[in-house]
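J.: please work out how this folds:
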Amino acid sequence: MKLKDKVKLGPAGLVLSLLCWANGGSSFAGEPLFVQRVESAVPTQEAIGKAEEQVREHKDVKLREKMAVPAFHKRIEPPLHEGETYCQGCHRPQPHSKKLRTRSFLNMHSRYVACETCHFRPEDVRLDYRWFDYAARRPAAPDGSRFRTGRNLDNSVLIEGKFKIAPFYQGEPAFALPGTAFAERVGREWKEGDLSARAQLKARLHTPLSKEGPACAKCHTEDAPMLDLAALGADSRQAAAVRKHVIPQFFDRYKSDDERLKIIDILR
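T.: Sure, this is the predicted structure:
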């Protein structure tokens, strides 16, 4: 970890970071990069205070199945099969809800892009991105059918949600997985912890993450896109469809949240 990282280090964190540096960048050899960053994170008091407020105010949302009048607009979550990510242990399968303008499109991405691809982007290392089979817990071979290209889409794997584009570091997955020793320990600490302990844990888990994901144009562009689409299995036509996608161009015309969207603009 470099000292320029977003984590503000206290004395203990500084010593730990120096030990990590002396050991070739990690004192948690064999663990995914995200887990290493969580283990060495020292959240700020501001982050801990915010996490404590969120934990205190959190309420589980429960849908009523038996209602006198059927719910016309009832939102049904897509079923999770064998492709659950670590983040979905706490977050819903459709996690984006705050930005009314873009949330539907972002939630579509969450079916085939791992959470960490957008929200775990450390500045001091280079990450590569590959398809990962969350059901089999192993990297998956590139497959052009996994790209949304209109009528020529075989979207069975997208509906299942088990194949996702995920970050890799030095050839190994850079993200945590459910069911691992790390995941079980975190779950146990959360279950047994009081409000303060849960806030500390939540802050540590989120310290290596960016709240905001990359802008649409980071991928939907022909100018040094974030993802190597060819390496992910896209042919030239599929890659062009992603890079020149009309929806990101449509959103890019609106710089302010109070600007009204005009659907006719999507045709321009």
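
J.: now for residue 196: which residues touch it?
T.: residue 52 (Cβ atoms under 8 Å, 6 or more residues apart in numbering). Quick note: C-beta positions are derived from backbone N, CA and C, even for glycine.

J.: do you know how far it is from residue 126?
T.: Separation of residue 196 from residue 126 (Cβ to Cβ, to the nearest Å): 37 Å.

J.: quick one, strands of the stretch 51-200 of the chain?
T.: With strands called from DSSP state E, counting those that start in this stretch, the stretch 51-200 of the chain shows them at 128-133, 138-139, 163-169, 172-173.

J.: what comes up buried for stretch 92-111?
T.: 93-96, 105-107, 109-111 (16 or more other Cβ atoms under 10 Å).

J.: chain neighbours aside, what residue packs nearest to the spatially most central residue of the chain?
T.: The centroid of the chain falls nearest to residue 115 when counting by Cα atoms, centre = their mean (1.4 Å). Spatial nearest neighbour of residue 115, chain neighbours left out: residue 87 (4.2 Å); criterion: Cβ to Cβ, 6 or more residues apart in numbering.

J.: which ones are touching that neighbour?
T.: 95, 115-116.

J.: turn those into CSV, columns for pLDDT.
T.: Shown next, in CSV, are those (pLDDT from 0 to 100):
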residue, pLDDT
95, 86
115, 93
116, 96
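
J.: contact partners for the nearest residue to residue 173 once chain neighbours are set aside?
T.: Leaving aside its sequence neighbours, residue 173 sits nearest to residue 32 (Cβ to Cβ, 6+ apart; 5.5 Å). Shown in contact with residue 32 (Cβ under 8 Å, 6+ apart): 169, 172-176.

J.: and residue 117, by the same measure?
T.: By Cβ under 8 Å, 6+ apart, the residues touching residue 117 are 129, 164-167.

J.: closest one of these to residue 146?
T.: Closest approach to residue 146 among those (Cβ to Cβ): residue 165, at 8.5 Å.

J.: the closest one touches residue 115, doesn't it?
T.: No - with contact defined as Cβ atoms under 8 Å, residue 165 and residue 115 do not form a contacting pair (11.0 Å).

J.: buried ones in stretch 215-228, by neighbour count?
T.: For stretch 215-228, the neighbour count (16+ other Cβ under 10 Å) marks 216, 218-221, 226-227 as buried.

J.: for the residues you listed, which one is nearest residue 51?
T.: Residue 51 has its nearest neighbour among the buried residues of stretch 215-228 in residue 218, at 27.5 Å by Cβ to Cβ.

J.: please name the nearest non-neighbouring residue to the closest one.
T.: residue 226 (4.4 Å).

J.: just the pLDDT for the one you found.
T.: pLDDT, residue 226: 92.

J.: cool, residue 91 as well?
T.: As predicted, residue 91 sits at a pLDDT of 85.

J.: output the below-cut-off pLDDT ranges for the stretch 51-200 of the chain.
T.: Applying pLDDT under 70 to the stretch 51-200 of the chain flags residues 61-83, 148-161.

J.: would you list every one of the helices in it?
T.: 103-109, 115-119, 156-160, 181-192, 195-206 (DSSP state H, counting those that start in this stretch).

J.: and those helices, which is most packed in?
T.: Of all those, helix 115-119 carries the top mean neighbour count, a mean of 22, counting by mean count of other Cβ atoms under 10 Å.

J.: pull the CA atoms of that one into PDB?
T.: The C-alpha trace of helix 115-119 is given here as PDB (Å, rounded to 0.1, in the frame of the first residue of the first chain):
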ATOM      1  CA  CYS A 115     -19.200  -4.900  -7.900                       C
ATOM      2  CA  GLU A 116     -15.400  -4.700  -7.400                       C
ATOM      3  CA  THR A 117     -14.900  -3.900 -11.100                       C
ATOM      4  CA  CYS A 118     -16.400  -0.500 -10.600                       C
ATOM      5  CA  HIS A 119     -15.900   0.100  -6.900                       C
END
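
J.: alright, calling it a day.
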